[in-house]
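Trainee: Quick one, structure for this:
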Amino acid sequence: MQYLKKEVRERILSAAVEEFKEFGFADASIRNIANNAEISLGNIYRYFTNKEALYFAVINPFMESVKQTIEKEFVFNDRSMKEVSEVLVRFLMQYSDELMIIRKGNSVHYDAFVSYIVKVISAKIKEMISGSFPEIKEKISNPDFYDVIAESFLTALFKILRSGNSLEDQERHVRELITFFFGHMQDRFYHFDIPGTTGL
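Mentor: A predicted model of the protein is given here:
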């Protein structure tokens, strides 16, 4: 009886991350993954029944980490935006490969992922601004206002992650992005006046 080896499985997963990151789910090659993991093509199917099973093995732990990190770390109560931003930067840099795999992957999974993240970020933005600037409810009438901000942020974020720049440059660019989107955000509405748009 042959036993599956953890070390071989880890090699397969590592090779799969690189393959999915570069080519996306549709164009990824199981043969390439097997070659890069230095095992036979037939042997790879002893560990994963097909390409989809391998894809899920890569992204499922990440999706769980996303949920746990958001629930435990992305908390604004008694934390400054700078502190929350640092958590976000560390998280994005740690999982940059997985983010791009989902971005290039099956559109159904990407759409579900983006919808979940937008919902969470939108709620956090609303929580942050409303907590320090209650008058925001009187200033903003668009019910999709926070979703728009969250979606715009994610679009810009993915552009940074797929830029091909060094991790150091990406980290700097993410910090710049966070500062632009969320830095002193509540202050922007004190002079906000819709009727005459004099505060714009």
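Trainee: which residue is nearest the middle of the protein?
Mentor: Among the residues of the chain, the one closest to the centroid is Leu99, at 5.0 Å (Cα atoms, centre = their mean).
Trainee: so that residue, which of the three states?
Mentor: Put simply, Leu99 is helix when judged by DSSP: H, G, I helix; E, B strand; the rest coil.
Trainee: And the next helix or strand past the longest helix anywhere in the chain?
Mentor: When the chain is parsed with DSSP state H, its longest helix is helix 107-132. Sequence-wise, the next helix or strand downstream of helix 107-132 (DSSP states H and E) is helix 136-139.
Trainee: same question for stretch 120-127, mean pLDDT?
Mentor: What stretch 120-127 shows for mean pLDDT is 80.
Trainee: what comes up buried for that stretch?
Mentor: The neighbour-count check on stretch 120-127 (16 or more other Cβ atoms under 10 Å) flags 120-122, 124-126 as buried. C-betas here are computed from N, CA, C, even on glycine.
Trainee: Surely the residue nearest to the centre of the chain touches Leu161?
Mentor: Yes. Contact criterion Cβ atoms under 8 Å: Leu99 and Leu161 qualify, at 5.7 Å.
Trainee: Work out for me the element Leu92 sits within.
Mentor: Going by DSSP H and E, Leu92 is part of helix 81-94.
Trainee: Tell me what angle that helix forms with helix 107-132.
Mentor: Between the axes of helix 81-94 and helix 107-132, defined by axes from the mean of the first three to the mean of the last three Cα atoms, to 10 degrees, the angle is 170 degrees.
Trainee: just checking, what packs against helix 81-94?
Mentor: Packing partners of helix 81-94 (3 or more Cβ pairs under 8 Å, 6 or more residues apart in numbering; DSSP states H and E): helix 51-73, helix 167-182.
Trainee: Low-confidence ranges, the protein, go.
Mentor: 1-3, 70-71, 73-82, 84-85, 106-107, 185-186, 189-200 (pLDDT under 70).
Trainee: Name the residues contacting each of Leu99 and Leu161.
Mentor: Here Leu99 and Leu161 share the contacting residues Leu92, scored by Cβ atoms under 8 Å, 6 or more residues apart in numbering.
Trainee: Hmm, Arg11 is touching Ile39, no?
Mentor: Yes. With contact defined as Cβ under 8 Å, Arg11 and Ile39 form a contacting pair (7.1 Å).
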